[in-house]
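[1] Got a predicted model here, sequence first, then my questions.
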Amino acid sequence: MKNFRTPKNTVLIDRFEKALKVKRSTARVYASSIGSLARKLDQSVDDLSWLKMKRLIKHVGDINNLTRRKNLAAGIIAGLKVIDERTVIEKYREILMKADRDHTAFLQSGKRGRPFRDADKEWTRIKSLWKKASTVVSAQKIFQRGESVTPTQYRLLMTLIYLKFLSDLPVRRLEYTETRFVNTEPAERGNYIITHKNKPWVWSIGVYKTYKRYGKQVFVVPAGLKKILTKLRPIVKAKSVKEYLFMNTRWNQMSRDSFSKFVASIFKNYMGKKWTQNVIRSIKVSSVWKDSIKTIEALQLAESMGHDVTTALTHYRNLS
């Protein structure tokens, strides 16, 4: 005997089809997106006024996967049209355009094996790891120890800083280990956290693999990262004349090789995965590219991470 499944969201599908004058199949796609979102947020599909919530805009904008973000934004736009809410629609159109404009031919790359399966899921976990490190640092009251911190305790602070960098800024190669605090940017090329007094703090990167292609890159330090760096700087200043953020047990600049091992140990401890910085970059790129064709956002991502699109496709992006 065949099992006939009762169609879901039929009332909502009818509503979309009638109000928007679209095909039944299109209305079904919109209804499916809205239905899934409603279940996730514990909302009703009978009253779509909740689509106007401000926090929903951030939720959709923060979705890593471009295809998923586009589909959900399109469904919400359809829902807002049904309830004749034109103001909020523009916010979602911006999200949709950002993820969808300037599509070009798909650059096919060979399938490469990677030590992870679901990049979107893994990247979401990685972005929140700093909270675990923050809990450890707070429990041990390490910041309160000031310049008396031991190398072991400072390693925990470096773990927190590194994970917060991953969460808040583009995922770079090994430029972190050459980054140091300065009040004003020196004439010589380098990697600096510039602690401006009357302007936003910035991470200025002038020493990295593809510098000749992209030149000096500058990223504003977000408030959350700045708060932690502000507490870290007095400790760094007491331990290092040049104020490097990442230091070895002798309070000298950490070498790139040591930093690579440091990164691997972090993910081994926090996720049970001995991932390298290269794998983290691959996860980030794959979380954006999977199931998506090339967009302007992917181009911007490549530049912010210091590689070109071909490199992303060939060396980082995971198609599995």
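    Great, that's in hand.
[2] CA only for contacts and neighbour counts going forward, please
    Will do.
[3] Show me which residues of stretch 166-182 are buried.
    For stretch 166-182, the neighbour count (16 or more other Cα atoms under 10 Å) marks 166-167, 169-182 as buried.
[4] ok, those residues vs T152, which is closest?
    T177 (17.3 Å; Cα to Cα).
[5] In contact with that closest one, which residues are there?
    Y244, L245, F246, M247, Q253, M254, S255, R256, F259 (Cα atoms under 8 Å, 6 or more residues apart in numbering).
[6] Against K21, how distant is the first one?
    Yep, that's Y244 we're talking about. 61 Å (Cα to Cα, to the nearest Å).
[7] For those two, indicate the residue with more neighbours.
    A count of neighbours by other Cα atoms under 10 Å puts Y244 above the other of Y244 and K21, at 25 against 11.
[8] from memory that one sits against Y176, does it?
    No - counting by Cα atoms under 8 Å, Y244 does not reach Y176; the two are 9.3 Å apart.
[9] Identify all contacting residues around the helix or strand harbouring S128.
    Using DSSP states H and E, S128 sits within helix 119-139. With contacts defined as Cα under 8 Å, 6+ apart, helix 119-139 is touched by 64-65, 116, 143, 156-157, 159-161, 163-164, 166-167, 270, 283-284, 286-288.
[10] now stretch 237-256
    Contacts for stretch 237-256 (Cα under 8 Å, 6+ apart): 147, 151-152, 158, 174, 176-182, 233, 236.
[11] same question, stretch 21-39
    Contact with stretch 21-39 is made by 9, 12-14, 16-17, 44-45, 71-72, 74-76, 78-79, as judged by Cα under 8 Å, 6+ apart.
[12] of those residues, buried ones?
    N9, L12, I13, F16, E17, V45, L72, A74, G75, I76, A78, G79.
[13] quick one: least confident of these?
    For the buried ones among the contacts of stretch 21-39, the weakest pLDDT value sits at N9, with 74.
[14] What helix or strand is the closest residue to that one other than its chain neighbours located in?
    Spatial nearest neighbour of N9, excluding adjacent residues (Cα to Cα, 6 or more residues apart in numbering): A31 at 6.4 Å. If you go by DSSP H and E, A31 is part of helix 24-41.
[15] List the buried residues for that helix?
    Result for helix 24-41 [16+ other Cα under 10 Å]: buried residues T26, A27, R28, V29, Y30, A31, S32, S33, I34, G35, L37, A38.
[16] got it, and stretch 127-134?
    Result for stretch 127-134 [16+ other Cα under 10 Å]: buried residues K127, L129, W130, A133, S134.
[17] nearest to S49, of these?
    S49 has its nearest neighbour among those in K127, at 30.9 Å by Cα to Cα.
[18] That closest one and R250, how far apart?
    K127 is 30 Å from R250, by Cα to Cα.
[19] now R180
    16 Å.
[20] got it, and K197?
    Separation of K197 from R250 (Cα to Cα): 31 Å.
[21] for K132, same thing?
    For K132 relative to R250 (Cα to Cα), the value is 26 Å.
[22] Likewise for S138?
    24 Å.
[23] show me the contacts for L160.
    L160 makes contact with W130, A133, S134, V137, according to Cα under 8 Å, 6+ apart.
[24] Could you pull out the helices in this protein for me?
    10-20, 24-41, 54-61, 66-82, 86-100, 119-139, 151-168, 211-214, 223-239, 256-271, 277-289, 296-304, 309-311 (DSSP state H).
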